[in-house]
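Visitor: next comes the sequence, and after it the predicted model I'd like to discuss.
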Amino acid sequence: MSTALTPEMQRRAAGCNLRVVFDEETIAARVRELGQEITAAYPDGDLLVLGLLKGSFIFLSDLVRQIDRPLHLDFLVASSYGAGTVSSGTVRLLYDPETPLEGKHILLVEDIIDSGRTMQRLLTLLRQRAPASLTVCALLDKKLLPEPLPELRWTGFPAPSAFLVGYGLDHAEDHRHLPFIGDLI
Ligand code: IMP
Ligand code: MG
């Protein structure tokens, strides 16, 4: 998965006690491919790319620059349920896109799908907004769901069952800014 690392990257990974799982070049090459596939998949219609904050922010900004067609960009912030909170099975949006979703092609961009619960709840909510289409592009997928989500069309990489950080992903808000994806050692 990881190719040769520059001495600078080795130093930064070691300084954070991280093992590099996907290096910068590997990520960039895959993001280029995803951008090309997404460009080809939407021949016409309004495309609204929705990035789920905060985890998707670096992936989102790299990905949209590889999409060669007009698009609009907005964000979603979903509430997370703390330990001990009984989930109602719904999700609350702390920030909702300013523009209506109705009739638009919605591409939801997420950092990582773990249990899949966050994404399942969000999709339930967004389906009610009557978009022309609703599709997910996730950078990483741990593939824990018994049935893949029907909306999940693009995945950057299958994720190992480790806790991954960097390239937007955090552990207690640390490591988001790293240009590679690593696991804590
Ligand atoms: P899910 O609802 O279990 O699929 O969890 C998805 C959310 O949990 C993601 O949007 C991440 O914010 C977070 N998450 C899950 N696994 C990881 C990980 O390995 N590293 C960092 N964040 C993670
Ligand atoms: Mg997240």
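Guide: Okay, I see it. Ligands and ions are numbered 1, 2, ... in the order given.
Visitor: contacts, neighbours, all on C-alpha from now
Guide: Fine.
Visitor: pretty sure Thr155 contacts Ala138?
Guide: Yes. In this structure, Thr155 is within contact of Ala138 by Cα atoms under 8 Å, at 4.9 Å.
Visitor: residues from this protein in reach of ligand 1?
Guide: 55, 111-118, 162-165, 169-170 (Cα under 6 Å from any ligand atom).
Visitor: from these, which two are the most distant?
Guide: Within the residues of the chain next to ligand 1, two members stand farthest from each other by Cα to Cα: Arg117 and Val165, at 19.5 Å.
Visitor: ok, the two, which is more surrounded?
Guide: Shown here are Arg117 and Val165; by other Cα atoms under 10 Å, Val165 has more neighbours (24 against 14).
Visitor: hmm, His171 and the more buried one touching each other?
Guide: Yes. With contact defined as Cα under 8 Å, Val165 reaches His171; the gap is 6.4 Å.
Visitor: now, which of the residues of the chain next to ligand 1 sits nearest Tyr42?
Guide: The nearest member of the residues of the chain next to ligand 1 to Tyr42, counting by Cα to Cα, is Asp111 at 21.6 Å.
Visitor: doesn't that closest one fall inside a strand?
Guide: Yes. Counting by DSSP: H, G, I helix; E, B strand; the rest coil, Asp111 is part of a strand.
Visitor: what's the pLDDT at it?
Guide: According to the prediction, Asp111 has pLDDT 97.
Visitor: neighbours of the closest residue to it other than its chain neighbours, how many?
Guide: In this structure, Asp111 finds its nearest non-sequential neighbour in Ser56, 4.6 Å apart by Cα to Cα, 6 or more residues apart in numbering. When neighbours are counted by other Cα under 10 Å, Ser56 registers 23.
Visitor: cool, and Arg12?
Guide: By the criterion of other Cα under 10 Å, Arg12 has 16 neighbours.
Visitor: following the strand or helix carrying it, which helix or strand comes up?
Guide: Counting by DSSP states H and E, the element that carries Arg12 is helix 7-15. On the C-terminal side of helix 7-15, the closest following helix or strand by DSSP H and E is strand 18-22.
Visitor: show me what that next one is packed up against.
Guide: Counting contacts by 3 or more Cα pairs under 8 Å, 6 or more residues apart in numbering; DSSP states H and E, strand 18-22 packs against strand 181-184.
Visitor: cutoff 10 Å now
Guide: Here strand 18-22 touches helix 7-15, strand 164-165, strand 181-184, going by 3 or more Cα pairs under 10 Å, 6 or more residues apart in numbering; DSSP states H and E.
Visitor: what are the pairing partners of the last one, and which direction each?
Guide: Spelled out, it's strand 181-184. Next to strand 181-184 in the sheet, as set by DSSP bridges, lie strand 18-22 (antiparallel), strand 164-165 (antiparallel).
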